[in-house]
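Peer 1: Predicted coordinates and the sequence they were generated for:
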Amino acid sequence: MTRLLPVLVLLAPLTGWGQDDSDMHPYLEGKYFASVGMFRSDQDMKLGLDASIDIVDPGPAPYIDFSETFGFRNSDETFSAEIGWRFGRKWQLRGQYFRIDNDSRVTLEQDIEWGDVEYNTGTSVGAGTDMQVSRFFFGRTFRSSNSREFGLGLGGHVLDLEAYIDGNATVDGADVGYRKERASIAQPLPNFGAWYVHAFDSNWAGTLRFDWLSADVGKYDGRIINAAASIGYAIGDHFGLSLAYNYFEVSVDVDDGDWQGRVRLVFDGPYVALTGYW
């Protein structure tokens, strides 16, 4: 949770409700809003895949730290986009999308278990991950004025994750040659959410957003957090620039036909975007 500190620091200036109402910021005045930009994320990816063969209840497979074991990039730039629609007097629909993928080949410095197979120390192995996150959110505004807006709602994150390891492998100590083991999940994860917008004047505005769920939902048991804090400057009535700090975390146990094990993902970092209001 210490990686959420930048979001909390950005929250402090936005907690006051004492701003005088003035000319509306275009974000609060428009019916539609959108942003497209680059998300530069620090990455922490730990995955575990249980054996599907019966080995006298071997217990849960340990996490493999993909970021460290396979020398994945510590940070990466990826396209990200958000869009929203206000309808009626109090309602909003929002969407968000980003994708992060990695691949590398290394010589293992320790044995690792991935599903039914084991890759031994000194073996040259390849590994890769491909994660896409689509966020959908339906919310209601509970407090609004010319300079601020607060709302709550329900939403879901569609987590589409695929991971693989390939190389010479062993099963029960026997050499089985080259094996490429894949695992994937694609499932919506529901969540609760809240947002707060504070316009300091008709040009400057700050936004806070927090989505959260910790529960046993179908094939998944764990926690999801998606939070962001941003500051934006409107250039005219329809365009602007914004700088945000995004934090995304998923920590779940999975019981799925294509993935039985554990997933822990943390991505956080700055997001620079061109925004639009109309």
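Peer 2: That came in fine, so what should we check first?

Peer 1: Which residue ranges of this protein form helices?
Peer 2: Secondary structure of the chain (DSSP state H): helices at 5-11, 26-29, 66-69.

Peer 1: What residues are bridge-paired with the closest residue to residue 69 other than its chain neighbours?
Peer 2: Nearest residue to residue 69, sequence neighbours excluded (Cβ to Cβ, 6 or more residues apart in numbering): residue 112, at 6.6 Å. Yep, even glycine has a C-beta here, placed from its N, CA and C like the rest. Taking DSSP bridges, one obtains residue 119 as the residues bridged to residue 112.

Peer 1: count of neighbours near residue 112?
Peer 2: By other Cβ atoms under 10 Å, 21 other residues sit near residue 112.

Peer 1: residue contacts, it?
Peer 2: Counting by Cβ atoms under 8 Å, 6 or more residues apart in numbering, residue 112 touches 64, 69, 118, 119, 165.

Peer 1: Can you pull up the most central residue in this protein?
Peer 2: Most central in the chain under Cα atoms, centre = their mean is residue 248, positioned 3.6 Å from the mean C-alpha point.

Peer 1: Roughly how far does the residue nearest to that one when sequence neighbours are not counted sit from residue 88?
Peer 2: Excluding the flanking residues, the one nearest residue 248 by Cβ to Cβ, 6+ apart is residue 267, at 4.7 Å. According to Cβ to Cβ, to the nearest Å, residue 267 and residue 88 sit 34 Å apart.

Peer 1: Give me the more crowded residue out of the two.
Peer 2: Between residue 267 and residue 88, counting by other Cβ under 10 Å, residue 267 is the more crowded of the two (24 against 8).

Peer 1: how close does the more buried one sit to residue 50?
Peer 2: From residue 267 over to residue 50 the distance is 24 Å, taken as Cβ to Cβ.

Peer 1: Many thanks, have a good one.
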